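**Q** pasting the structure only:
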């Protein structure tokens with residue numbers, strides 16, 4: 001509802017939630033400290049293994065898909081700061097800047113566009 005309010009739209013017209021969630025982020029592991037203040041790398045050198053499930057910089061990306069129907073909607077979205085471009089021009093930039101863990105990101109975006117057209 002917050003997104004709909006921000007876009008000054010009805011919730012039902014914001015878009016359809018895409019059924020796939022894409023993982024994002026670097027997946028770098030944050031060094032953990034033991035109870036004695038030693039970093040996990042130091043413990044590994046001593047032969048002590050710890051479980052490393054503490055990761056940072058990771059997330060999940062969800063998509064709302066929608067086909068803009070009118071020039072008025074395009075103008076309103078552009079006035080709100082949205083931009084339109086060909087997928088081939090922006091998919092690589094989006095994928096790398098958001099660190100999307102998906103080798104076929106552009107084709108997934110194309111699938112979303114096709115789905116939005118069909119709806």
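**A** Right, received. Where do you want to start? All of these numbers come straight from a predicted model, not from anything done at the bench.
**Q** residues in contact with the residue nearest the centre of the chain?
**A** Residue closest to the average C-alpha location in the chain (Cα atoms, centre = their mean): residue 61, at 2.9 Å. Listed by Cβ atoms under 8 Å, 6 or more residues apart in numbering, the contact set of residue 61 reads 21, 22, 23, 24, 98, 100. In this view, the C-beta of every residue, glycine as well, is placed from N, C-alpha and C.
**Q** Can you check the pLDDT for it?
**A** pLDDT recorded at residue 61 is 91.
**Q** What of residue 1?
**A** 87.
**Q** which non-adjacent residue is nearest it?
**A** Among residues not flanking residue 1 along the chain, residue 11 sits closest, at 5.7 Å (Cβ to Cβ, 6 or more residues apart in numbering).
**Q** Tell me the buried residues in the top helix by length along the chain?
**A** Ordering each helix of the chain by length in residues (DSSP state H) puts helix 105-118 first. Of all the residues in helix 105-118, those buried under the rule 16 or more other Cβ atoms under 10 Å are 105, 106, 108, 109, 112, 116.
**Q** and which of those is nearest residue 78?
**A** Nearest to residue 78 among those is residue 116, at 18.1 Å by Cβ to Cβ.
**Q** Please list all residues in contact with the closest one.
**A** 15, 16, 65, 66, 67.
**Q** in the sheet, who's paired with the third one?
**A** Same thing as residue 65. Beta-bridge partners for residue 65, by DSSP bridges, are residue 16.
**Q** That one and residue 98: what is the separation?
**A** 17 Å (Cβ to Cβ, to the nearest Å).
**Q** Over to the second one?
**A** Counting by Cβ to Cβ, the separation of residue 16 from residue 98 is 21 Å.
**Q** For the chain, name the helix or strand with the lowest mean pLDDT.
**A** For the chain, using mean pLDDT, DSSP states H and E, the weakest element among its helices and strands is helix 40-45, scoring a mean of 61.
**Q** Beyond it, next helix or strand please.
**A** strand 58-61 (DSSP states H and E).
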